[in-house]
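with the input below, show me the fold.
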Amino acid sequence: MDNKGKKILIADDEPDILEIIQYNLVNEGYEVYTAKDGDEALAKAKTVKPDLIILDIMMPKRSGVEVCEILRTQPAFKDTLIIFLTALSDESSQMKGLDTGADDYVNKPISPKLLLSRVNALFRRIQKKESDNNGILKVANIVIDPVKFVVEVDGNEILLAKKEFELLYLLASRPGRVFLRNEILNQVWGNEVIVGDRTIDVHIRKIRQKLGLDCITTVKGVGYKFDL
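Modelled structure (predicted):
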C-alpha cells in the first residue's frame, strides 16, 4: 500500500510513546505530526488536516475523548479516522470511546507492529470504498447508488425498502466502523420519529436476507458495522 502523502497526527503526553510510534509510522511512509496534550492536538489537527489521528485518552488539558468529541462536531473532521490509545481496557471505557465516534481502540502497552497493522487496516478499508461524484458506493461485489436507490450484488439488482436502503448506505459508507444504535436511529430515522428498540434489528435482518450476504456484523451491546 502506498502511504506517501497520508498524514497522521499522534497526541500523547508520554515522549517515549510519541517517539516510537512516530519512528515506526515514518518508516512506513506516513507523514507524521505530534502533539503533547489535548489543546495542542486540536490546534495541530486544524492546521495539518490529518487523514488519521491517534489520541491518548488520558492527556493534560483535554482528554482524547474530549478532543474526539470536538473534532466530530466539525464537518472538516467528520470522516477523519481516529484511533484511541489507552491503558483502560474495560468494556465501558471502550464503549465510551466508540460513542464519541472513534474508529478503533488500541490498549497500552502498545505493540508498534500491532498499531501499524491497525492503522494500515483502517486505510485499506477506506480505499475499498470507491465513491464517485454521485455518492455511489462500491464495496467488494456490492454497488449502492443513492440517486437511483438501487443496490446491486454481483450485478443483480436487489430491491430494498427506503429505510433498509438508508441503513445499508450508512453502514457501508464506513466499512469496519461500529455505528452505535442511537447514532443509527438519529441518522436514518431522525429525532422526531419514535421507533421501537427492535426496529434496527428487524431492518438489519431483512437486509441480510435480501442481499444473501453476511456483510453486517452485530457488535453486542454497542451497534452494527459493515464488514466484507
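
quick check: end-to-end length of stretch 152-168?
Terminal residues of stretch 152-168 are spaced 12 Å apart (Cα to Cα, to the nearest Å).

hey, where'd the helices end up in this structure?
Secondary structure of the chain (DSSP state H): helices at 15-27, 38-48, 64-72, 91-99, 112-128, 162-172, 181-184, 199-211.

including distance to Asn156 and mean neighbour count, could those helices go into TSV?
C-beta coordinates here come from the backbone N, C-alpha and C atoms, glycine included. Compiled in TSV, the helices of the chain are given as follows (distance: least, Cβ to Cβ, whole Å; neighbours: other Cβ atoms under 10 Å):
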stretch	distance to Asn156	mean neighbour count
helix 15-27	42	15
helix 38-48	43	18
helix 64-72	37	20
helix 91-99	34	16
helix 112-128	20	15
helix 162-172	15	20
helix 181-184	26	16
helix 199-211	10	16
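
worst average pLDDT in these?
Among those, helix 91-99 has the lowest mean pLDDT, at a mean of 65.

any chance of the helices of the chain in JSON lines, plus distance to Ile54?
Conversion of the helices of the chain to JSON lines gives the following (distance: least, Cβ to Cβ, whole Å):
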{"stretch": "helix 15-27", "distance to Ile54": "7"}
{"stretch": "helix 38-48", "distance to Ile54": "10"}
{"stretch": "helix 64-72", "distance to Ile54": "9"}
{"stretch": "helix 91-99", "distance to Ile54": "13"}
{"stretch": "helix 112-128", "distance to Ile54": "8"}
{"stretch": "helix 162-172", "distance to Ile54": "24"}
{"stretch": "helix 181-184", "distance to Ile54": "22"}
{"stretch": "helix 199-211", "distance to Ile54": "30"}
